[in-house]
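In: Build the 3D model from these lines:
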Amino acid sequence: MELKTILLGQRPARVWTGGTGEAIVLLHGGWAGAEAYWSTVTDDLERTHFVVAPELPLVHSREGLPSFGACAAWLAELLTALGIERATLVGNSLGATVAWCFAGQYPERSAGLVLVNGYRPPVYSKMLRWLAGRTPIRALARGNLQRLHYGPEVLPLAFHDRAKIPAEVARTLENFTAADADRVLDFLLSGEEAVPPPKGSVLLIFGEADRSPVLDKNGARKMRLSLEQSKLVTIPDAGHLPQVERPAEFLRALRGYLKH
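Out: This next block holds a predicted model:
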């Protein structure tokens, strides 16, 4: 994989690319960048696909975009700059939510959708957004976010094998600040309208050992039932990043989907 920088308007975009064939886009989550999330599987995927793994302008960057929908629009612009009309989208955690938004906003450009320990965009009421934005409840929301989702105590819940935790993920969670939490809250509470469900088939891949308070197995099963054309594959002894802990099993599930 080669890292290149492309100028999108006045904003530089960094993206890893490699291989040839139909395009597959790998979208990382909010704990680290593309390499930490996908380096275990890109060599294999490059044998059959043109692999695109952008560094998403997510919330842990001061230059991050304000919402999932804005990230999806940014991704559409990036794919256009790369000459890609359609692609299969594979997203992990927050990257899965961006992938869902892209598939809903640009269905003609989505050749397939794979959600890895991730979920559809959350929709919060105007009252909740006001409370978490302008009252003392924000401090409580910030503290819960740091403790339950972006603190080092999440690591043993999110990974089955702690020896396989990417170093960049550990650093991010160790150094996550209150200012970072405020950016995440603003991102989550942006007030976007609900995104329509994706058209076509959807694969849900879930690491069974994921105990982080994001999406449990029951939530994954409910999401599968809510989608007309979907399949759920669970991977034992893997947590929130199953492609990192069990790359062979992950690739088996993904390649089974890509053959259809």
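In: Now for the nearest residue to L173 once chain neighbours are set aside, how many residues are close by?
Out: Closest residue to L173 apart from its sequence neighbours, by CB to CB, 6 or more residues apart in numbering: P152 at 4.9 Å. For every residue, glycine as well, the C-beta is placed using N, CA and C. P152 has 13 neighbouring residues, counting by other CB atoms under 10 Å.
In: do the one 4 residues further on as well
Out: By the other CB under 10 Å criterion, the neighbourhood of P156 contains 13 residues.
In: thinking again about what came up before, so the residue nearest to L173 is in contact with E174, correct?
Out: Yes. Using CB atoms under 8 Å, P152 makes contact with E174 at a distance of 5.2 Å.
In: Chain neighbours aside, what residue packs nearest to A220?
Out: Closest to A220 by CB to CB, 6+ apart is F206, at 4.7 Å.
In: just checking, next helix/strand downstream of the worst-scoring helix or strand of the chain on mean pLDDT?
Out: Lowest on mean pLDDT, DSSP states H and E among the helices and strands of the chain sits helix 126-134, with a mean of 70. Downstream of helix 126-134, the next assigned helix or strand under DSSP states H and E is helix 137-148.
In: Relative to the whole chain's centre, how far out is that following helix?
Out: Offset of helix 137-148 from its chain centre (CA atoms, centre = their mean, to the nearest Å): 21 Å.
In: rewinding a little: doesn't the residue nearest to A220 fall inside a helix?
Out: No. Read with DSSP: H, G, I helix; E, B strand; the rest coil, F206 is strand and lies in no helix.
In: can you pull the contacts of it?
Out: V116, N117, L215, K217, A220, L232, V233, T234, I235, P242 (CB atoms under 8 Å, 6 or more residues apart in numbering).
In: Could you count how many residues lie near the first one?
Out: The tally of other residues near V116 (other CB under 10 Å) stands at 29.
In: Equivalent analysis for A163, please.
Out: 6.
In: so L58 is in which element?
Out: Residue-wise, L58 maps onto no helix or strand under DSSP H and E.
In: Over to K222?
Out: Under the assignment here (DSSP H and E), K222 is part of helix 217-226.
In: Distance from the chain centre to that helix, please.
Out: So, by CA atoms, centre = their mean, the centroid of helix 217-226 is 17 Å from its chain's centroid.
In: Counting by contacts, list what it packs against.
Out: strand 202-207, strand 230-235 (3 or more CB pairs under 8 Å, 6 or more residues apart in numbering; DSSP states H and E).
In: I'd like to know which of those is closest to A87.
Out: strand 202-207 (14.6 Å; CB to CB).
In: for the record, mean pLDDT for stretch 168-188?
Out: Averaged over stretch 168-188, pLDDT sits at 88.
In: Using PDB, write out every CA atom in that stretch.
Out: Taking C-alpha atoms only, stretch 168-188 is exported to PDB below (Å, rounded to 0.1, in the frame of the first residue of the first chain):
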ATOM      1  CA  GLU A 168      -1.700   3.700  17.900                       C
ATOM      2  CA  VAL A 169      -5.100   2.700  19.400                       C
ATOM      3  CA  ALA A 170      -3.500   2.400  22.900                       C
ATOM      4  CA  ARG A 171      -1.800   5.800  22.500                       C
ATOM      5  CA  THR A 172      -5.100   7.500  21.400                       C
ATOM      6  CA  LEU A 173      -7.000   6.100  24.400                       C
ATOM      7  CA  GLU A 174      -4.300   6.900  26.800                       C
ATOM      8  CA  ASN A 175      -4.000  10.500  25.700                       C
ATOM      9  CA  PHE A 176      -7.700  11.300  25.000                       C
ATOM     10  CA  THR A 177      -8.500  14.700  26.500                       C
ATOM     11  CA  ALA A 178     -11.600  16.600  27.600                       C
ATOM     12  CA  ALA A 179     -11.200  18.800  24.500                       C
ATOM     13  CA  ASP A 180     -11.200  15.600  22.400                       C
ATOM     14  CA  ALA A 181     -14.400  14.500  24.100                       C
ATOM     15  CA  ASP A 182     -16.100  17.800  23.400                       C
ATOM     16  CA  ARG A 183     -15.300  17.400  19.700                       C
ATOM     17  CA  VAL A 184     -16.700  13.900  19.700                       C
ATOM     18  CA  LEU A 185     -19.900  15.100  21.400                       C
ATOM     19  CA  ASP A 186     -20.400  17.900  18.900                       C
ATOM     20  CA  PHE A 187     -19.900  15.400  16.100                       C
ATOM     21  CA  LEU A 188     -22.400  12.900  17.500                       C
END
